[in-house]
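Colleague: Prediction below, plus the sequence it came from.
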Amino acid sequence: MAIKDALLPEFDHEMGTTRKLLACAPMADRDWKPHAKSMSVGDLVKHVAEIPGWAGGIVDADSWDAASGGNAPKKVYTSNDEALADFDAGVAKARAAIESKSDAEWMQTWTLKNGDQEIMSLPKVGVVRSFLMNHLIHHRGQLSVYIRLKDVAVPSIYGPSADEKGF
């Protein structure tokens, strides 16, 4: 089995689950945060929505320097629909990027840097699984807690939630 054929079903499942949480995120309370050190609802939604868009920079490049980023104007979502539109576009591009690579390309090394400091260096397949998908799943978990704390029904993630009928 090709590496992309192993990655894509997991990718599709995790993106579908993430989309459900973005759709019900409490954007009316976008500035709310559960703790002073936490991200706000709006910032967390933005981060979750943008992560799939990183795939092209992982699979089509050999490295990324965090010191070179951050100059783009900060995007602010005022609705779930705005976040979902960017998320859906990022997922489509990510899926196409994943699908386009051969096993040999998946085994090429990708490096995350911060200026002269090397933060991590892994085969691209490992970067997509850890830096992209696991990172997304981590922040999606945070978002599910925010949703619960704002008393919004939590959708199914890896099985029924306490808010779904029959549980």
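Modeller: Thanks, I have the structure now. Numbering: from 1, shown residues only.

Colleague: Just the element for His13, please.
Modeller: helix 3-24 (DSSP states H and E).

Colleague: Just list what that helix packs against, helices and strands only.
Modeller: Packed against helix 3-24, as judged by 3 or more Cβ pairs under 8 Å, 6 or more residues apart in numbering; DSSP states H and E, are the following elements: helix 41-50, helix 80-99, helix 103-106, helix 135-149. From N, CA and C alone the C-beta is placed, and that goes for glycine too.

Colleague: what angle separates it from helix 135-149?
Modeller: 20 degrees (axes from the mean of the first three to the mean of the last three Cα atoms, to 10 degrees).

Colleague: CA-only coordinates of helix 3-24 in CSV, if you can.
Modeller: Output of helix 3-24 as CSV, limited to C-alpha atoms (Å, rounded to 0.1, in the frame of the first residue of the first chain):
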residue,chain,number,x,y,z
ILE,A,3,1.9,5.9,2.0
LYS,A,4,-0.7,8.3,0.7
ASP,A,5,-3.3,5.5,0.6
ALA,A,6,-2.6,4.9,4.3
LEU,A,7,-2.7,8.6,5.2
LEU,A,8,-5.8,9.7,3.3
PRO,A,9,-8.5,7.7,5.2
GLU,A,10,-7.2,9.0,8.5
PHE,A,11,-6.9,12.5,7.1
ASP,A,12,-10.5,12.5,5.8
HIS,A,13,-11.9,11.2,9.1
GLU,A,14,-10.0,13.7,11.2
MET,A,15,-10.9,16.6,8.9
GLY,A,16,-14.6,15.6,9.0
THR,A,17,-14.6,15.5,12.8
THR,A,18,-12.8,18.8,13.0
ARG,A,19,-15.3,20.4,10.7
LYS,A,20,-18.2,19.4,13.0
LEU,A,21,-16.5,21.2,15.9
LEU,A,22,-15.7,24.3,13.9
ALA,A,23,-19.4,24.5,12.8
CYS,A,24,-20.6,24.6,16.4
